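K.L.:
Generate a structure from the sequence data that follows.
(chains A and B)
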Amino acid sequence: MKFLGEQLNKPWIGAIPALIYLAIFFAVPLAYLVVVSFWTLSPQGFEILPEWTLRNYHQFFNTKVNMIGYVRSIYITFFSVSIGVIFGFIFAYTIAFLLPKRFRLLGLLIVVLPFWTSFIVRAFSWQLFLNETGPLASLLRSIGVLSGNLGVVDTHVGTVIGLSLFCLMIVTVSVYTVIEGIPRNLLEAARDLGGTEWTVFKEVILPLSWPGLSIAIALSFIICFGDYVAPTLLGGGLNLVFAQLMVGSLLENFNVPMAATYAVFLLLTILFITLPIILLGRRNY
Amino acid sequence: MLKAKPIELIGVTKRFGHNVVAVDHFNLSIPSGEFLTLLGPSGCGKTTLLRMIAGLEQVSLGRIMIDGEDVTGIPPNRRDTSIMFQDYALFPHKTILENIGFGLKLRGLTKSEYRKRAQEMLDFIQLPDIGKRRPSQLSGGQKQRVALARSLVIEPSVLLLDEPLGALDANLRRRMQVELKRLQRDVGITFIYVTHDQEEALSMSDRIVVMRNGQAEQIGTPDEIYRAPRTEFVANFIGQCNVLEGKVVEISDSLVLCTHEAFGQLKAVNPKGFSVKLGSTVKMAVRPENIAINDGARGKENGATVIKRDQIFVGSTSRCIVSVTAGMEFIVEGPRVAELANTEKVQIGWSADDLLVLADEDK
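P.N.:
Down below sits the predicted model:
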């Protein structure tokens, strides 16, 4: 039996439910948000007036804190994703290639176990454990390794640790899925043709894992760049990141159009960074 | 012509874990330029042996020598061998040109150099226009040739082939057999070819090693292996054989005389490789095509009257099943067996030269 879409020669019919969902919960609200970023706050400061203006954008570019917060978010994200990629790749590689087959799922489970607690709980637990009066700092001081501050919590070192662990899980899982599927005799053929362990990695494993890796990088970037929890709980409240500025404008200044402007820049950044990565990661074979 | 090199396998053993012995004290010397086939059923250790020669599998015990040099501990990338896999193992993310040029690239050739050589190889395998394609865009036969080109372009002195025709359809496989054999003669390097297909082994090899349980059951030219299988296993694995058991009652220089319940007295060739004990029970084999019927059977040393049971159509010739006694059936092959009616009584016979005494399998 042919499906309805095929019978009517309209194969897109099957996509309708998903498209309706996408419209109601994504496209339309997002479009509204973009529109709001061009509107004005009423003089009393509580209402949004549909009067078109570029004032929010002017203000955005003319506030130095915004630029600092933006750059800070970029480099925190850069470090978090990089660390996550390096260690996630090592984990995926060791699980897929060094662990006997029957233990591989277990290995993967160990890496993703933290996912089973919510991120905010994990961040809170790190905050408790890593802060200046916490057990780690006390221990290090008592054995004389540390004098002064540990310098993790309330600096963005803590933020990077928290976010990179998150990225690590994403990278491990998605890279594992692709490299587990690489036929072993491709690696053997490369060895046989004269490749060292390193050239096999560079010429075969890395390019073949790129589809999974690129998705993981894009996803990690999206999560890190827009995250509010890690910088708040681990990074302290003084050196604000971009997402914190947005939330601040919403909760402290009640400036909805301004917050929408932040959101627009957040979205544009994610789009500009992740789209090329995903396009580059497409399998072309 | 590339430079071929001889290979020496000395007591090569592979164990997996504590109990599994995949290859068991294997000894063989392969002269340079030989087309040698490792033939056997799956699990006989032929692929493991090939992988050890390639360096992809560690040797548990013994030594592998290439051109007099011990390579046992040398990694695959520094061995003068090249392996071709059954599924070709072409790199899916690289173009055909890059695939073929890969080995040269790793040897430090510049991009333009290795691309030029790869293109020459493509011309050589008569697929000059596929350089820009990816492996997924090729047919099975094309992939097979590309894999061959990729292995040959690095000029190995030994090419190892792991069932390279296994994935092709019968027609193409027969064509590639001829092509491979011709290629081997042209390039002149040593080929070690793994297969479970006896027809392939017989048609291509200079020498065949029939393997079983990690050991060589018999080594010889295709002709020797076919005409004089040493054991029942070889007799049944290569072509088809009628195997019968008899008691040795007399031994002369050239003949062994046995008694058999259905055939009475049987005369067989006295085997050269091993000795037969008087009074022992031995197995003997006769090929279906060496059995004559009715008029043809007259005057043969061995024979009996049997009843025709079934006809087997094999195309080029005719075969039928005859029952000798209630529990014993024979296969007879020849142009005239088709003329026989079912349940007809038939006289069968074969000469002493065609009855081979088989060696005990548990040596």
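K.L.:
Which residues of chain A lie near chain B?
P.N.:
Contacts of chain A with chain B, taken as C-beta under 8 Å from any C-beta of the partner chain, map to A:183, A:185-186, A:188-196, A:199, A:203-204, A:207-208, A:284-285. For every residue, glycine as well, the C-beta is placed using N, CA and C.
K.L.:
Would you mind listing which of those residues are buried?
P.N.:
A:185-186, A:188-195, A:199, A:203-204, A:207-208 (16 or more other C-beta atoms under 10 Å in any protein chain shown).
K.L.:
In helices only, show me those residues.
P.N.:
If you go by DSSP state H, these have A:185, A:186, A:188, A:189, A:190, A:191, A:192, A:199, A:207, A:208 in helices.
K.L.:
Let's have those in CSV, adding pLDDT.
P.N.:
Shown next, in CSV, are these (pLDDT from 0 to 100):
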residue, pLDDT
A:185, 93
A:186, 96
A:188, 95
A:189, 96
A:190, 96
A:191, 95
A:192, 95
A:199, 94
A:207, 94
A:208, 94
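K.L.:
Need the max-distance pair from these.
P.N.:
The most widely separated members of those, counting by C-beta to C-beta, are A:192 and A:207 (18.3 Å).
K.L.:
ok, residue B:8 touching residue B:69?
P.N.:
No. Residue B:8 lies out of contact with residue B:69 (C-beta atoms under 8 Å); the separation is 9.8 Å.
K.L.:
neighbour-wise, which of these two wins?
P.N.:
residue B:8 (18 against 11; other C-beta atoms under 10 Å in any protein chain shown).
K.L.:
Next SSE downstream of whichever strand or helix holds residue A:21?
P.N.:
When elements are assigned from DSSP states H and E, residue A:21 belongs to helix A:16-22. Going down the chain from helix A:16-22, the next helix or strand is helix A:28-36, by DSSP H and E.
K.L.:
CA atoms only: put that following helix into CSV for me.
P.N.:
Extracted as CSV, the C-alpha positions of helix A:28-36 are listed here (Å, rounded to 0.1, in the frame of the first residue of the first chain):
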residue,chain,number,x,y,z
VAL,A,28,6.2,32.3,15.8
PRO,A,29,7.4,33.1,19.4
LEU,A,30,10.9,33.6,18.1
ALA,A,31,9.7,36.0,15.4
TYR,A,32,7.7,37.8,18.0
LEU,A,33,10.8,38.1,20.2
VAL,A,34,12.8,39.6,17.2
VAL,A,35,9.9,42.1,16.7
VAL,A,36,9.8,43.1,20.3
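K.L.:
what's the average pLDDT for it?
P.N.:
The average pLDDT within helix A:28-36 is 94.
K.L.:
Stretch B:217-233 too?
P.N.:
For stretch B:217-233, mean pLDDT is 94.
K.L.:
which outside residues touch it?
P.N.:
For stretch B:217-233, the external contacting residues (C-beta atoms under 8 Å, 6 or more residues apart in numbering or on different chains) are B:28, B:40, B:201-203, B:205-212, B:234-235, B:238-239, B:241, B:243, B:271, B:273, B:283, B:285, B:356, B:358-361.
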